[in-house]
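Trainee: After the sequence you'll find the predicted model.
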Amino acid sequence: MIRKFLLLNILLFNISFISCGQDHAESESWLNSFKQAQEQTVVLNNQQHEIPLRKLEQKKLALVDFGFAYHAVLDSMLNKYQHVAFFKYTPDATQTQLNQLLEDLKFYNTVIISIADTAPLSDDVLALMKELDRKNELIVALFGSGSQLTKLDDMQSPIIYSAATTLESASFVAQLIYGGVKTDAVLANSFSPKYQAGDGSKTEKIRLGYSVPEELGINIEDLAPIDAIAAEAISQKATPGLVVLVAKDGQVIFNRAYGKHTYDSDAPLDQVNDIFDLASVTKTSATTIAAMRLYEQGQLNLDTAISTFLPQTRNSSKKSITVKELLLHQAGFIPYIPFYASLKPEDYSRDSSETYNLKVADNYYIKKSYYHDVMWPQMLQSPLKTRGRYVYSDLSMYFLKEILETVTKEPTEKYVSEQFYKPLGMYTTGFNPRFRFPKANIVPTELDSYFRNTLVWGYVHDQGAAMAGGVAGHAGLFSKASDLAILYQMLLNKGTYGGTKYFEPATVALFTRKHSAVSRRGLGFDGYNAESSYGYPSKLASPQSYGHTGYTGTAVWVDPAENLVYIFLSNRVYPKVTNKLSTLNIRPRIQDVVYRAIAKGKKR
């Protein structure tokens, strides 16, 4: 019982299944119970193949629990795939309560009901289930002996029946709903005229699963050095907190949070679901994937001059720069422009008004027209110095964003959300998170004493991106680690995820491979650096690796050679910018641990 309680808390608050001191034997025990749940979980009424769920952008989900002991695990795991609202009632809920529930569910087109046969369902609850069966997309998750199946003969919606009533079965059922796991189990016994022995649908795995490293032959204890490296980063004040996620072979095997939001003793602990400012990881996670989509659709030729799309460049030195040069950072742009240095007192205000209506921080507003009136002209007039050479420049992505919006006729934030984040289930990923999430869910960045003169919290840290409305080609994106893992697993899958093809494999291969004769870069993506003194992104990464890092202390790397996604999120800019994360090699050292654990697993 103690072990169950500890694992429940680990699952809900600290991830996956990794905890300080958790050993190989405990992981093996968990895995055995998980496999038993797999053998005992049957999908019924799935003739229309509703399970696993697809087309997530069309679904608004709610989970309604009627007495399952591990409903919290079910809810937590469901929310790793998509935002799911939660409602809890007793099996003998009154008609008045159920009427209120129906009112609350009016905004949800897909409802998951969890029940256990430890207590009989009232006739009123059964009537509600039948009403939802007729009106909504309904999924019933039933746990226990199966006695409740006898009351569900006229149910048309899918029923997921698990004979196991454990936290492992709760995790398995949640993953099964989204295709993080698969099953081909059938009923061992007959329960009613409709549900007979041998009944059951085979389902497929189409999304990331969540398990322990032992499922892939990796010993959890070989990942323990990650804890020590994270502790070193915090004690050395390289960052107040961080989140690490590792996915291999389509399974998240490590996802842990360390430290706190800030160094204050009473600051909130970092959680795996915290939302971080991704900084330059925006370049690949928003701007580049949008360019990939338009390239694949034939709307964006990489060799086309940017003046084709941007008339303002036609009488400038920039007219012949190509889209490909932007993606490679070889356009000749200077690295950046300190736009905030050009602000005049009349350009900003501490109060909002019709004139000052663009919020760049709490109690700080600038003119909404500032980007087009000041910033864009500065970029157009900026010098070209090193065209053909590799100079990492944010300006390249400012220009690329302008091109993308010219082609799509949509704001970048809307385009990437509709085309990628919503269909993939990445509900925390997006720009300007303070408009969508409570402040407490977001990790703060810098205590800004030179521009906004406040703690930057939920507004993009990058000054230029903030002054552009929080949305820029090079910065502005926020996300939690598990949502970011979905996007990069899709790329690792060569463009397919959740049963949907987002890119042709050839497009992913084209953009992620090395293209430059003068740098390690792919098209938009950063790449393996054979000349790095330590090893970039890691001593042990393969030359096929691609990804990106971010100024705030973030990184995401994909290594096709190991079928691996590695994500590191931190706020190393709090309270002030420090380079210790890099000088201590925190990100690559943690990645090294992962590779060594994989290598040891192969030798067993």
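Mentor: Right, received. Where do you want to start?
Trainee: sec struct for Ser417, please.
Mentor: At Ser417 the chain is in helix, as set by DSSP: H, G, I helix; E, B strand; the rest coil.
Trainee: which element is the residue most central in space within the chain on?
Mentor: In the chain, the C-alpha nearest the mean C-alpha coordinate belongs to Asp483, at 1.2 Å (Cα atoms, centre = their mean). Using DSSP states H and E, the element containing Asp483 is helix 481-492.
Trainee: about what we covered before: ok, the residue lying closest to the residue nearest to the centre of the chain once chain neighbours are set aside - contacts?
Mentor: The shortest distance from Asp483 to any non-neighbouring residue, by Cβ to Cβ, 6 or more residues apart in numbering, is to Met426 (4.0 Å). (Glycine included, C-beta is placed from N, CA and C.) Counting by Cβ atoms under 8 Å, 6 or more residues apart in numbering, Met426 touches Phe420, Ser479, Asp483, Leu484, Ile486, Leu487.
Trainee: Give the buried residues for stretch 531-545.
Mentor: Using 16 or more other Cβ atoms under 10 Å as the test for burial, stretch 531-545 gives Gly535, Tyr536, Pro537, Ser538, Leu540, Ala541, Ser545.
Trainee: swap that for stretch 576-583, please
Mentor: Buried residues in stretch 576-583, counted by 16+ other Cβ under 10 Å: Thr578, Leu581.
Trainee: Next, the distance between the ends of it.
Mentor: Start to finish, the residues bounding stretch 576-583 are 16 Å apart (Cα to Cα, to the nearest Å).
Trainee: swap in stretch 557-564?
Mentor: One end of stretch 557-564 sits 8 Å from the other (Cα to Cα).
Trainee: now swap in stretch 197-216 and tell me
Mentor: 32 Å.
Trainee: again with stretch 408-420
Mentor: Start and end residues of stretch 408-420 are separated by 14 Å (Cα to Cα).
Trainee: Same check on stretch 280-292?
Mentor: Terminal residues of stretch 280-292 lie 17 Å apart, using Cα to Cα.
Trainee: Report the rounded mean pLDDT for it.
Mentor: The pLDDT scores in stretch 280-292 average 98.
Trainee: Work out the gap between it and the centre of the chain.
Mentor: Remark: stretch 280-292 is offset 14 Å from the chain centroid, using Cα atoms, centre = their mean, to the nearest Å.
Trainee: Show me where the stretch 51-200 of the chain has its helices.
Mentor: Using DSSP state H, counting those that start in this stretch, the helices assigned to the stretch 51-200 of the chain run over residues 71-78, 95-104, 123-135, 167-178.
Trainee: Which of the ones you listed sits closest to Val244?
Mentor: Ranking those by their distance to Val244 (criterion: Cβ to Cβ) puts helix 71-78 first, at 18.4 Å.
Trainee: Name the residues that touch the closest one?
Mentor: Contacts with helix 71-78, where a contact means Cβ under 8 Å, 6+ apart, come from 8, 11-12, 61, 63, 65, 68, 84, 86, 88, 112, 114, 141, 167, 170-171, 173-175, 177-178, 210.
Trainee: Quick one: buried ones out of those?
Mentor: Using 16+ other Cβ under 10 Å as the burial test, the contacts of helix 71-78 include 8, 11-12, 61, 63, 65, 68, 84, 86, 112, 114, 141, 167, 170-171, 173-175, 177-178, 210 as buried.
Trainee: circling back to that earlier point, go through the contacts of Met426 and say which is closest to Asp104.
Mentor: Using Cβ to Cβ, Asp483 comes nearest to Asp104 of the contacts of Met426, at 25.7 Å.
Trainee: returning to what we had before: nearest to His461, out of the helices of the stretch 51-200 of the chain?
Mentor: Among those, the nearest to His461 by Cβ to Cβ is helix 71-78 (29.0 Å).
Trainee: ok, Phe191 - contacts?
Mentor: Contacts for Phe191 (Cβ under 8 Å, 6+ apart) come out as Gly146, Ser147, Leu149, Thr150.
Trainee: Which of those residues ranks first by neighbour count?
Mentor: Neighbour tally across these (other Cβ atoms under 10 Å): the maximum, 24 neighbours, falls on Leu149.
Trainee: what's the nearest residue to that one if we skip its chain neighbours?
Mentor: In space, Leu149 is closest to Phe191, 4.2 Å off (Cβ to Cβ, 6+ apart).
Trainee: and stretch 250-263, how far from the chain's centre?
Mentor: Distance of stretch 250-263 from the chain centroid (Cα atoms, centre = their mean) equals 13 Å.
Trainee: Likewise for stretch 311-320?
Mentor: The answer for stretch 311-320 is 37 Å, by Cα atoms, centre = their mean.
Trainee: coming back round to it: can you name the two of the buried residues of stretch 531-545 that sit furthest apart?
Mentor: Distances among the buried residues of stretch 531-545 were taken as Cβ to Cβ; the most separated pair is Tyr536 and Leu540, at 11.4 Å.
Trainee: what is in contact with those two at once?
Mentor: Between them, Tyr536 and Leu540 share no contacting residue under Cβ under 8 Å, 6+ apart.
Trainee: Tell me which stretches of the stretch 301-450 of the chain form strands.
Mentor: 348-349, 358-361, 364-366, 430-431, 447-448 (DSSP state E, counting those that start in this stretch).
Trainee: If you count contacts, what does the strand or helix carrying Val252 end up packed against?
Mentor: Val252 belongs to strand 251-259 when assigned by DSSP H and E. Applying 3 or more Cβ pairs under 8 Å, 6 or more residues apart in numbering; DSSP states H and E, one finds that strand 251-259 contacts strand 209-210, helix 225-235, strand 241-248, helix 481-492.
Trainee: and with 6 Å instead?
Mentor: Helices and strands touching strand 251-259, by 3 or more Cβ pairs under 6 Å, 6 or more residues apart in numbering; DSSP states H and E, are strand 241-248.
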